[in-house]
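Participant: Any chance you can model this:
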Amino acid sequence: MSGKRKTKQRLWRWRSSPLRRHDDILEAWIILVTWVVILVGGAVIWTVTGRAAAQEFAWQRAERHAASAVLLSDAPPSTSAGSGSQVLATVRWTAPDGTTRTARALVPGGLPSGTVITVW
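Facilitator: This is a model prediction of the structure:
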């Protein structure tokens, strides 16, 4: 019996009553429509964001390739206390099209020159 009573209390906005005003009905419908818009809008935003992220990740997978690079100078020791800290150092690698490139990349601190590392 108490389960039925709770259901009636939850749906009190739609039950028949001689004291129910037109404003009460209007308020109930506005609340219902608001919740439906929030739920449907959230699902649409979730889907659009997921597809955009999937496209971006696919583009990154297609454009980026791992390459072996050689450290041209000693990498300075890192100043932070973390074990995975990295520093900028000059490296040289061969691109997929066969050209040799030189640039600065993040490498683990303290590596000697001539060390082979992977860059993207």
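
Participant: Okay, helices next: where are they in this protein?
Facilitator: 2-10, 22-63 (DSSP state H).

Participant: closest one to residue 85 among those?
Facilitator: Nearest to residue 85, of all the helices of the chain, is helix 22-63, at 24.4 Å by Cβ to Cβ. Glycine gets a C-beta too; all of them are placed from N, C-alpha and C.

Participant: now that closest one: mean pLDDT?
Facilitator: For helix 22-63, the mean pLDDT works out to 93.

Participant: For the residue in the chain sticking out farthest from the centre, give its distance to residue 47.
Facilitator: Residue farthest from the centre of the chain, counting by Cα atoms, centre = their mean, is residue 18 at 52.6 Å. Separation of residue 18 from residue 47 (Cβ to Cβ, to the nearest Å): 46 Å.

Participant: quick one: contacts for residue 36?
Facilitator: With contacts taken as Cβ atoms under 8 Å, 6 or more residues apart in numbering, residue 36 has no neighbouring residues.

Participant: So it versus residue 75, what's the distance?
Facilitator: Taken as Cβ to Cβ, the span from residue 36 to residue 75 is 58 Å.
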